[in-house]
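Colleague: Take a look and give me a structure for this.
(2 chains)
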Amino acid sequence: MTQLEATSAFPKSAATVPAEALSTNDNARAARLTRFLIAAALIGAAIVALVLPAALGPDITVGLAELNDALTLKGAGWVPTMSWFGVIAALIAAFAFPREERFIQAVTISLGSLAAMATPAYTRANLTTLVPDATTIGPGLIVGWLLLGTAALLPWAGIFLWDRSKSRLGPMWWKWLFVLPASLWICVLTIFPLAYALTTSRYAYRNGRISRSVGWDNYRRLIDPETVAAGLRNAVIVAVITSAVVLIVGFVLRWLSDREINQEARREIFGLLPVFVVPAVIVYLCATILKDPLNEQMTITFIFVAGAVLTEMVFGVAIALFMNQEIRARGALRAVMTLPIFATPIALGYLARAIFYEEGGPINALLASVGLPQPPWLSDPEWARVATIVADVWQWTPFVFIIALAGLQSLPQDVIEASEVDGATGWQGLRYITLPLMAPILWLIFLLRTIDSFKVLDIPQGLTLGGPGRSTEYFSLFNYRTARKFFDYGGAAAQAFLLLLIVMVLVSLLWGRISHVYEDDGMRS
Amino acid sequence: MSTVTVAERMPVHSAKSGSGFRLKPIFTGLIVAVLLIWTLFPFYWAFISSIKDPADNYGNKWLPFISFDPTFQPWRDLWSIREIRDSMVNSAIVSVGAATIAVVLGTLAAYGIARFRFFRPRNGSLTTWFLSQRVLPPVIFVTPYFLIFLQLGLLDSLWGLILVNATFNLAFPVIILTQMFREVPIELEEAAQVDGESRLGIFLKIAVPLVLPGLVVSWILCLAFSWNEFLFGFSMTQTEARVMPVYLAGGDQTRGVNFQAIGTRMLLTASVPLIAALLAQRYIVRGLSLGAVKG
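Modeller: Purely as a prediction, here's the structure:
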């Protein structure tokens, strides 16, 4: 993909300029110099700030660590967070961008450095409240501030003074103006809050107020140290057993359906191993080495996710296959069946409570009238879990269904017709043509549904309020309550990172299977 | 839709099964009926609960006029409740604001990704960067948002909710519009460039009008999802900026067994996103599936 295609809008300016204008030796050396200077300024600022005193008084010197604590305890933890976040962003930008993208590189470095200047600026403005005995900010902050300012100016100086090229800001630099607003928005409102959550997770809170720094204790608090050794040992056994089961079941099923096992089948089954083994190990570890009650809440979350997602996948795909034939008014039917996705989930939760109501709710009334037992939907832990799963299935099966249907309809029709001409039966067509072609889309739906069901909060909140007891307090609700009901912000942040880790592992496990449904390079080939 | 009509004219499957009693259409009709009942029953139940007198809650009372006397008084009373009025207005402001911001930012980004070549990060990585919004569990952000907004005075304010909802819906317009911009023929823009139109002019006068349907629909989708958002509304508002889902969760009316109130409020709250969904039909698949599937 070295050549530019017609898709890059204005090929004249893009294709010809960078090659000759930017690649001379002189310029390369100048660019290296700029990079080196910027990195020196940024790292220098960090070192100076760490070593020299941050604030001075008549008879005290305050270091950066103390100042950091003082800032965080005053509730201004976002200020130091912004500083290290900015420095890291600027450092990455200095080395990650190629010369063609010098405009965005300069912008990122400047913004990062300016963001990093928040600590000196904020400290100077609020010195008396932060460190009552100090009279002035120390040389660490002053020199750091100057170095950061230099780093903010250096890329522009490089571009306009010593690293000049024919297209000053890089070829088509203005293309970044389209992407920049949204990227900045995400940096400020997603990446920065994540960084701040990391800061938050290192402090203890009491009654919603930050009380003291506890290092990584909030993370240690997630784990029950007594169970770790045995848990890890057993996790290996779990992995071995799961692998064996996957291999045996895979080969047996393959043999039953095809009567042979070729190289491709072997590769496919071994490829599936991590998809089953890694989640099994994660589930096992979460259920054992996490501390009470987190392990319980994790376990019921996994039960919920597995129950809901598998049901939705089976029904959704079945309905999609059913709707893929000629049915009168299919468009209207599809439109009606999309409605549940948009029914406000919290409202759905309350409505589900009315529907599952044990005395005189429609389900139990119906069951009673045909003489069947009436399950205690809301008062029994197991049945309450079933009720939440049913509500989730009602809302999200349509999601599986419409995307699977769209996928089915976008399959190459000639392949399917050819197989029918060749005399493939309905089952053979499904097994050898439709499902293999659909696999990436089905994995994508599976991934999206799995991730989304970890987020479930509205439905249990409305339907059961997490009860009876804590039997439907799934992870998101549990985490929410840790933060906003028990005011343990630090612990909640640490828990949330655990969930993020699980989600990331899931995404990375499955991404390889779905990425080729995207035009990965962003361009059609 | 043309395939459906052609297929109706040539009923291949029924011809195969020969003359006489045809089982397949009946079977198909049965499944369709079950699907419709399964999908629509909760809405139906919400509606009849809303027009039932509380005394009629118990027992098998499924049909208005036949098994119980409906009363439409709860619906008439609804708008006179000040909290509901305020919450509906708040919800409208938040979702319109968030959808507008998300669509403006998303359109710009989508045009950039669809039209230009980025060297590093590449176009694919840029797309992934925006898609990652869809993957992050929002509950992670409850604590940092709460603490940051506390500092900035954005708690219990509509602005705070607009910011949050715009962030979490940004992925939808980016996904939908990137694909739509790719389908716009580039020759139109090149011609305009020859005519001396500025870059911004090309974007605003040529490209955006051509994707206007997609723009409107992603706006509607963002509106629906912002409207339905509960977690941040619940954690960051109290009274001033209470949105409809939060009113629903906090109201005494919907605690306990007042099914009438649940019915009216459920339908009132969900009506906006449901209507939005019907309007946005064509692009729902693209938006929801990260744009990987067209539909």
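Colleague: avg pLDDT for stretch A:120-132?
Modeller: Mean pLDDT, stretch A:120-132: 86.
Colleague: for that stretch, how far is the first residue from the last?
Modeller: Distance between the two ends of stretch A:120-132: 16 Å, counting by CA to CA, to the nearest Å.
Colleague: and the residue of the stretch 1-150 of chain B nearest chain A?
Modeller: Nearest to chain A, among the residues of the stretch 1-150 of chain B, is B:Asn123, at 2.6 Å (CB to the nearest CB). From N, CA and C alone the C-beta is placed, and that goes for glycine too.
Colleague: Next one: that residue from A:Trp396, what distance?
Modeller: B:Asn123 is 31 Å from A:Trp396, where distance means CB to CB, to the nearest Å.
Colleague: so how far is the longest helix along chain A from its chain's centroid?
Modeller: Assignment by DSSP state H gives helix A:225-258 as the longest helix of chain A. The chain centre lies 27 Å from the centre of helix A:225-258; the measure is CA atoms, centre = their mean, to the nearest Å.
Colleague: again with stretch A:71-90
Modeller: Chain-centre distance of stretch A:71-90: 22 Å, with CA atoms, centre = their mean.
Colleague: Please apply the same query to stretch A:459-473.
Modeller: 25 Å.
Colleague: I figured B:Val94 hits B:Ala166, correct?
Modeller: No - counting by CB atoms under 8 Å, B:Val94 stays clear of B:Ala166, with 9.7 Å between them.
Colleague: Look at the two and report which has more neighbours.
Modeller: Shown here are B:Val94 and B:Ala166; by other CB atoms under 10 Å in any protein chain shown, B:Val94 has more neighbours (29 against 24).
Colleague: quick one on the thing from earlier: and the helix or strand that the longest helix of chain A is followed by, what does it pack onto?
Modeller: Where DSSP states H and E defines the elements, the next helix or strand beyond helix A:225-258 is helix A:263-289. Under the contact criterion of 3 or more CB pairs under 8 Å, 6 or more residues apart in numbering or on different chains; DSSP states H and E, helix A:263-289 touches helix A:225-258, helix A:294-323, helix A:489-514.
Colleague: For the second one, list every residue counted as buried.
Modeller: Pointing back at helix A:294-323 there. Across helix A:294-323, burial judged by 16 or more other CB atoms under 10 Å in any protein chain shown covers A:294-298, A:300-302, A:304-305, A:307-309, A:311-313, A:315-317, A:319-321, A:323.
Colleague: Can you sort out which of those residues also neighbour chain B?
Modeller: A:Ile319 (CB under 8 Å from any CB of the partner chain).
Colleague: what about A:Leu247, distance to A:Val240?
Modeller: 11 Å.
Colleague: So between those two, which is more surrounded?
Modeller: Neighbour totals were compared for A:Leu247 and A:Val240, and A:Leu247 leads with 16 against 11 (other CB under 10 Å).
Colleague: In contact with the more buried one, which residues?
Modeller: Counting by CB atoms under 8 Å, 6 or more residues apart in numbering or on different chains, A:Leu247 touches A:Ile269, A:Phe270, A:Leu273.
Colleague: May I see those residues arranged in a markdown table, with neighbour count and pLDDT as well?
Modeller: Listed next are the contacts of A:Leu247 as a markdown table, based on neighbours: other CB atoms under 10 Å in any protein chain shown; pLDDT from 0 to 100:
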| residue | neighbour count | pLDDT |
| --- | --- | --- |
| A:Ile269 | 18 | 88 |
| A:Phe270 | 13 | 89 |
| A:Leu273 | 15 | 90 |
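Colleague: quick one: which of these is nearest A:Ala391?
Modeller: Using CB to CB, A:Leu273 comes nearest to A:Ala391 of these, at 33.8 Å.
Colleague: Surely that closest one touches A:Val245?
Modeller: No - taking contacts as CB under 8 Å, A:Leu273 lies outside contact range of A:Val245: 10.5 Å.
Colleague: Can you tell me the element A:Tyr205 falls in?
Modeller: Per DSSP H and E: A:Tyr205 is located in strand A:203-206.
Colleague: at contact distance from chain B, anything in that strand?
Modeller: No - using CB under 8 Å from any CB, strand A:203-206 stays clear of chain B, coming no nearer than 9.4 Å.
Colleague: Could you look up the next helix or strand downstream of that strand?
Modeller: strand A:209-213.
Colleague: for that next one, the distance to its chain's centre please.
Modeller: 28 Å.
Colleague: What mean pLDDT does that strand get?
Modeller: For strand A:209-213, the mean per-residue pLDDT is 79.
Colleague: what's the offset of the next helix or strand after it from the middle of its chain?
Modeller: Heading C-terminal from strand A:209-213, the first helix or strand you meet, by DSSP H and E, is helix A:217-220. From the chain centre to the centre of helix A:217-220 is a distance of 22 Å (CA atoms, centre = their mean).
Colleague: cool, and stretch B:273-293?
Modeller: On CA atoms, centre = their mean, the centre of stretch B:273-293 falls 7 Å from that of its chain.
Colleague: looking at it, B:Asn228 is touching A:Ile341, isn't it?
Modeller: No - here B:Asn228 lies out of contact with A:Ile341, judged by CB under 8 Å, at a distance of 9.5 Å.
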